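Visitor: Need a 3D model of the sequence below.
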Amino acid sequence: MGPAAPNSPPTDRRRPATDKVTTMREAIATHVHDGDTVCLEGFTHLIPTAAGHEIIRQRRKDLKVVRMTADIVVDQMLAAGCVTKLVSSFVGNSSAGSLGELRRRIEKGEPEPLDFEEYSHYGMVGRYLAGAQRLPFYPLRSYGGSDLPSVNPAIRKVMSPYTAEGEEPEALYVVPPVHPDVTIVHAQRADRLGNTQVWGLTGVQAEAVFAARRSVVVVEEVVPDEVVRSDPNRTVIPAHAVDAVVVCPWGAHPSFAQGYYDRDNDFYRAWSEISSDPGHLRSWIDEWVHGTRDHAEYVAKLGTELRSRLAVGEALSLPVNYGRRR
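Guide: Now for the predicted structure:
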């Protein structure tokens, strides 16, 4: 694995104030191209699974996937032949087992090797921050004592320009920025312009969007402008950074969307067995992804009993008085 040369940053992320709602099929067709660097972000909940499935349906290939916590959706995209390189800080089946396809590619090179570039969680956060802020690198101390720099030459050292009198100059590790061609995130809601609101675990969705050239926001629902304006602090991604808004209920399954549905733990537990056998895994993709026209059909196939079981009750936030000028 050679050193990662930072790609050039986007030049202008200002988007016109127009209605950006589109279909998932159209959003992926327009914004995800063969050979792109594609960031899929969402931490623990709000994982953009439906978007990953549509990438598979459209048979995209030679993608470089950037995802801080590479999990089931990455395993599925690998098995479908979409991914040639993975940049990540964690790989696993969310505390429920292994990712069979990813392990075969990294450990045995079967059916072909995977180019894997590894960072720590904070190293990935630093890459997103550098990308979003148009910085040439991001410094961090946490690689001291780690062996990651020995396996990833993109993790380098610089000397601090600030040294107290009488002290030795300090060497700090740095990571390069990341500038995805497209970032795709899932969120609870947005307005039609793309002002996107998230609550619960917020992860690095905003930083990943600002680092990218293009962005697609997938939401559980589109709400009127006044709903977003009534609670502005929940708007983590502003409209000017968004290219497309896709309404896709249950689009994060089997992960959860805080306030909308729970995590499908049975699916996570079952995935280790599904992905352990290449034939079984490809049969699953043929049935559940290629065998469904879109995510709505996938959700219908899940069945009403499962959706009822994963339904959540209300836990309302108390009102906040933002004040109004008299």
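Visitor: residue closest to the middle of this structure?
Guide: Glu41 (1.4 Å; CA atoms, centre = their mean).
Visitor: For that residue, give me phi and psi.
Guide: The phi/psi pair for Glu41 (degrees, to the nearest 10) reads phi -120, psi 150.
Visitor: how close does it get to Ser142?
Guide: Glu41 is 20 Å from Ser142, where distance means CB to CB, to the nearest Å. Just so you know, the C-beta spots here come from the backbone N, C-alpha and C atoms, and that holds for glycine as well.
Visitor: same deal with Asn321?
Guide: Separation of Asn321 from Ser142 (CB to CB): 40 Å.
Visitor: And Leu40, by the same measure?
Guide: Shown here: Leu40 relative to Ser142, a distance of 24 Å by CB to CB.
Visitor: again with Ala206
Guide: Using CB to CB, one gets 22 Å for the distance from Ala206 to Ser142.
Visitor: again, but for Gln76
Guide: 31 Å.
Visitor: Who has more neighbours out of these two?
Guide: Shown here are Gln76 and Ser142; by other CB atoms under 10 Å, Gln76 has more neighbours (26 against 13).
Visitor: Am I right that the more buried one is in a helix?
Guide: Yes - assessed by DSSP: H, G, I helix; E, B strand; the rest coil, Gln76 belongs to a helix.
Visitor: Could you shift the numbering so residue one becomes 603, and keep it that way?
Guide: Sure, I'll start counting at 603 from here, so that last one is Gln678.
Visitor: Run through the residues that contact it.
Guide: Each residue near Gln678 by CB atoms under 8 Å, 6 or more residues apart in numbering is listed here: 654-655, 658, 703, 887, 891.
Visitor: same question, His633
Guide: With CB under 8 Å, 6+ apart, His633 has these contacts: 784, 816, 818, 845-846.
Visitor: Mind doing that once more with 10 Å?
Guide: For His633, the contacting residues are 624, 640, 783-786, 814-818, 845-846, by CB atoms under 10 Å, 6 or more residues apart in numbering.
Visitor: wait, isn't the residue nearest to the centre of the chain in contact with Val780?
Guide: No - counting by CB atoms under 10 Å, Glu643 does not reach Val780; the two are 11.1 Å apart.
Visitor: and for the two, which residues touch both?
Guide: Counting by CB under 10 Å, 6+ apart, the residues touching both Glu643 and Val780 are 668, 726, 730, 809-810, 814.
Visitor: Select, from those, the two members most distant in space.
Guide: The most widely separated members of those, counting by CB to CB, are Met726 and Ala814 (14.3 Å).
Visitor: Those two: which has the busier surroundings?
Guide: Using other CB under 10 Å as the criterion, Met726 and Ala814 rank with Ala814 on top: 31 against 25.
Visitor: Could you report the distance from the more buried one to Glu719?
Guide: Where Glu719 is concerned, Ala814 sits at a distance of 18 Å (CB to CB).
Visitor: now do Gly711
Guide: For Gly711 relative to Glu719 (CB to CB), the value is 16 Å.
Visitor: With neighbour numbers in mind, choose between these two.
Guide: Taking neighbours as other CB under 10 Å, Gly711 and Glu719 compare with Glu719 leading, 19 against 10.
Visitor: Return the residues in contact with that one.
Guide: When contacts are counted by CB under 10 Å, 6+ apart, Glu719 touches 603-604, 606, 666, 668, 687-691, 753-757.
Visitor: Of the residues you listed, grab the buried ones for PyMOL.
Guide: To isolate in PyMOL the members of the contacts of Glu719 that are buried, counting by 16 or more other CB atoms under 10 Å, one can use:
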select buried, resi 606+666+668+688+689+690+691+754+756+757
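Visitor: So which of the contacts of Glu719 are in strands?
Guide: Counting by DSSP state E, the contacts of Glu719 place 666, 668, 687-690 in strands.
Visitor: To what extent is Val825 buried, counted in neighbours?
Guide: Look at Val825: counted by other CB under 10 Å, it has 17 neighbours.
Visitor: What segments of the stretch 703-852 of the chain are helices?
Guide: Along the stretch 703-852 of the chain, the segments classed as helices by DSSP state H, counting those that start in this stretch run 723-734, 750-753, 807-813, 827-832.
Visitor: Pick the most buried one from those.
Guide: Burial of the helices of the stretch 703-852 of the chain is given as mean neighbour count (mean count of other CB atoms under 10 Å); helix 807-813 ranks first at a mean of 26.
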